[in-house]
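Student: Sequence and predicted model, in that order:
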4 protein chains.
Amino acid sequence: MTGSSASVAGVVGATGRLGAALCSALESAGVPIGLRASRAGWAVQEPPTVVFDVSGPECFDRTVRLCRQWSAALVYAVSAVPDAHADRLRQLGREVPVVRATNLSIGHWIQIRLLEAVASLGPSLPVLPVAAVWERHPITKADRPSASATELAEVWRESSGAPAADLTSVRAGHPVSDHAVQLDLPDESVTIAHAVTGIGAAVRGALLLLPWVSTAPAGLVTAHHIYDDLIAKGVPHAASPQH
Amino acid sequence: MTGSSASVAGVVGATGRLGAALCSALESAGVPIGLRASRAGWAVQEPPTVVFDVSGPECFDRTVRLCRQWSAALVYAVSAVPDAHADRLRQLGREVPVVRATNLSIGHWIQIRLLEAVASLGPSLPVLPVAAVWERHPITKADRPSASATELAEVWRESSGAPAADLTSVRAGHPVSDHAVQLDLPDESVTIAHAVTGIGAAVRGALLLLPWVSTAPAGLVTAHHIYDDLIAKGVPHAASPQH
Amino acid sequence: MTGSSASVAGVVGATGRLGAALCSALESAGVPIGLRASRAGWAVQEPPTVVFDVSGPECFDRTVRLCRQWSAALVYAVSAVPDAHADRLRQLGREVPVVRATNLSIGHWIQIRLLEAVASLGPSLPVLPVAAVWERHPITKADRPSASATELAEVWRESSGAPAADLTSVRAGHPVSDHAVQLDLPDESVTIAHAVTGIGAAVRGALLLLPWVSTAPAGLVTAHHIYDDLIAKGVPHAASPQH
Amino acid sequence: MTGSSASVAGVVGATGRLGAALCSALESAGVPIGLRASRAGWAVQEPPTVVFDVSGPECFDRTVRLCRQWSAALVYAVSAVPDAHADRLRQLGREVPVVRATNLSIGHWIQIRLLEAVASLGPSLPVLPVAAVWERHPITKADRPSASATELAEVWRESSGAPAADLTSVRAGHPVSDHAVQLDLPDESVTIAHAVTGIGAAVRGALLLLPWVSTAPAGLVTAHHIYDDLIAKGVPHAASPQH
């Protein structure tokens, strides 16, 4: 894990489902955890160089303050980000590396990139597909639609020029989640779906970000920007006639 | 429909489900139909410039002989193509434009292109996804798996370097078909699915090919090559970091 | 088709998708059509003995008036039924046979009966399943949720004693519709789904009702009551230990 | 847990995924575990009164011998049961209570009962549905189709009189499994699906059997027979017109 050898991680929300799994994975990867923050308290063993905030918006102020104090990078993976928080993340990005992640899983990033690939064909297709976004989380998730579903709808609108025609949330079933975008054409449909069955999908994404963010300059980027950089750089055209 | 104004179509298999719908669509588009071939006979009104063979392998010899006689282009959309037929299509391609189409629908082409986009990411992904191909047709379809499912599995193998781990055929439900490729990663999956609910999806694809093939030089190409040329030319990187 | 030999059908909404298919099926079955009503006019050839109203609420008054005038039975398959119309159907049921059908298809009736079968197990199950109802119609259907989905949620509430935890409508895809009830238990789910791919499903249901209603006494019943009578009478216990 | 207060459990296959989860659940329920058998050895602390064999066919002889020696009841939940083993389970049932379980989860039992409910309607339906059985397990499951899918197909054949038209196995995705029976009618389908997302579904089923089997007389029964007895006894007609 080049570049992260000297990293010390901090985890805000360390006793939540994602936080606990992240701590466990960091330990397995030999990354020291200098901060574990939860409702029980903010336990600092040594100043972290990269803080993962996977808690809720209520920890925002303290997380930001400590990142500035420690000059620590921040991976902010709380899905609900009010405008005021978004502004302050941008400000923090002038001092340290800041990563915003609506959804840490690699599969979500693939889904977004495939959706953009279809949207890029749109103007040349006989008709533009009509897009419908659908997501499912267990009944314990209160807010709807999910931030990831909203992102899918926005990506379609931005890259195709047409709004998603439908955005639906189902609250049923078991952890973790399903997200699908159905693209309707006359007499046929193409669907790009992403199912997450375990919290490990998000944990793996977080670990993938660590070496990148450990050596990055100050600046605000998205997790998807980093996945682009790590994975898709130099990728040949996805929808290319040359073959 | 530039380039097809002077086209005269021929339809081999003109009374089958796809053939009848194609004839009807050609008529609506104002394209004269010079040949209608079915079990009832081969009715020639005027020599076609583009022959669509949507029948079965049993018409192959006569179709090829007539295309040579008329110097007509051939769109060969019979899914079962034995090696001997493939060879002769290649030979015919030295004289006239020949298009092979495993599946005429645009949605199938999109599905293939998206699958290639994921495969192209493979070497950079933390782990290569495990691919499983699944298809469904009504119980009336005798052969399994479908040629389109086999093509999906082959595209994955060629573009990712790893074989599809599973290839399954379900015979149930109503016309027309479903094809899905599930790409499993640890704790998550991305699925690229294509559902066809009406024969119009294939008919629209055939009509899209007509102007291209009407002005093409001799040569054997795939329908997907033509869709690439018509639709994806100049498409920006599907999985590209520059945005 | 015992009992319907002397029937004369009337179809209100005769040029709509369902109405036109119903007229065609009645003709194939040798049932004379005495009334064809559409926006173009109410064409009466002979007084019908059974009127199918598959139009919209705007025809309600005229349909009811004519059924009374002709002493004709009424199969009322308009899905939106305001309370005032429900009251008047009850009144009409004192004079002639009246059938209310939220959804004419046999598959919907099977789905409802299976849902009731699970609900009846509820009190004995280790935990009551949590039910979520989901429906999909093409984007052209304006109102949501569908009357059939609302019925599924109500059937669950009435037969299990607990409300459906979720009721979601997707507007995407192709005709006709999907309805599913997912029943979640810890670590597992049972789903009862109904997919309609052609208008013939409703037409077949309507034809099934015809002989029954042709010989029925005055009274208001549901289509499901008639299907129970025709199909499920004397059915052995669905969830019974004696076998 | 009436009747099991004096039970002592034995678990053969105690270190497998299901076995380990079962041991943990038995401990949580306060049931002493007198035998834990695995490749590491058969550790007997006290003679069990009920043995759960969730291992593989290779333990069969020893499991049967010990049940006879201890006069212990046996819950045999190994899915592959050769004919010779089936015979010996019948013989063992003359001495002690023996329960055969193809699939311990309650959801599978519900699925089977719903399938029988539809089959029982078959003769009265306008046409008998065409059944297709589909199952999915992760790629690590070698044998296909699953015993549960075979059971679904057999239940349909026995209760409807017609064989399942299709029986398909997909090997893809994440633990645990999906089983679906699609029942096709003209222009519509009813699907009864069962998804298992955690091993807890089988564990809960095993715990449900324990008190019943602890007080049962000698005899060979199926787990479904017991669920019928515990859950469905006195259940009103599932598909009954009287309501």
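Tutor: Looks like it came in fine.

Student: residues from chain A in reach of chain C?
Tutor: The interface of chain A toward chain C, taken as C-beta under 8 Å from any C-beta of the partner chain, is made up of A:130, A:132, A:134, A:139, A:165-166, A:168-174, A:182, A:184, A:187, A:189. C-betas here are computed from N, CA, C, even on glycine.

Student: From those residues, which land in strands?
Tutor: Among the residues of chain A next to chain C, DSSP state E puts A:130, A:132, A:134, A:166, A:168-171, A:182, A:184, A:189 in strands.

Student: Also near chain B: which of the residues of chain A next to chain C, exactly?
Tutor: Within these, those near chain B by C-beta under 8 Å from any C-beta are A:187, A:189.

Student: Pull out the buried members of the residues of chain A next to chain C.
Tutor: Listed as buried from those are A:130, A:132, A:134, A:165-166, A:168-174, A:182, A:184, A:187, A:189; burial here means 16 or more other C-beta atoms under 10 Å in any protein chain shown.

Student: who's in contact with the residue of chain A most remote from its centre?
Tutor: Note on chain A: the largest C-alpha distance from the chain mean falls to A:Asp187, namely 34.1 Å (C-alpha atoms, centre = their mean). Residues counted as contacts of A:Asp187 (C-beta atoms under 8 Å, 6 or more residues apart in numbering or on different chains) are B:105, B:196-201, B:204, C:174.

Student: follow-up on the earlier one: widest-spaced pair of the buried ones among the residues of chain A next to chain C?
Tutor: Spatially, the most separated pair among these is A:His174 and A:Asp187, at 34.1 Å (C-beta to C-beta).

Student: Among the buried ones among the residues of chain A next to chain C, which one lies nearest to B:Gln45?
Tutor: A:Asp187 (28.9 Å).

Student: follow-up on the earlier one: tell me the one of the buried ones among the residues of chain A next to chain C nearest D:Ser28?
Tutor: Closest to D:Ser28, out of all of these and judged by C-beta to C-beta, is A:His174, at 20.3 Å.

Student: Does A:Ile139 touch A:Ala172 like I think?
Tutor: Yes - look at A:Ile139 against A:Ala172 with C-beta atoms under 8 Å: they come within range, at 6.4 Å.

Student: Now do the shared contacts for the two.
Tutor: Joint contacts of A:Ile139 and A:Ala172 (C-beta under 8 Å, 6+ apart) are C:130, C:132, C:165-166, C:184.

Student: For chain A, just list every one of the strands.
Tutor: With strands called from DSSP E, chain A shows them at A:9-12, A:33-38, A:41-44, A:50-53, A:73-76, A:97-100, A:130-137, A:166-171, A:177-185, A:188-196, A:219-222.

Student: Buried ones in the last one, by neighbour count?
Tutor: Which is strand A:219-222. For strand A:219-222, burial by neighbour count (16+ other C-beta under 10 Å) applies to A:220-221.

Student: before we move on, what about stretch A:36-44?
Tutor: Those would be A:36-38, for stretch A:36-44 by 16+ other C-beta under 10 Å.

Student: Quick check: can you list the domain ranges of chain A?
Tutor: What automatic domain parsing lists as the domains of chain A is A:4-104+A:199-233, A:106-196.

Student: now those in a markdown table, with mean pLDDT and distance to D:Ile226?
Tutor: Formatted as a markdown table, these follow (pLDDT from 0 to 100; distance: least, C-beta to C-beta, whole Å):
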| stretch | mean pLDDT | distance to D:Ile226 |
| --- | --- | --- |
| domain A:4-104+A:199-233 | 96 | 35 |
| domain A:106-196 | 96 | 26 |
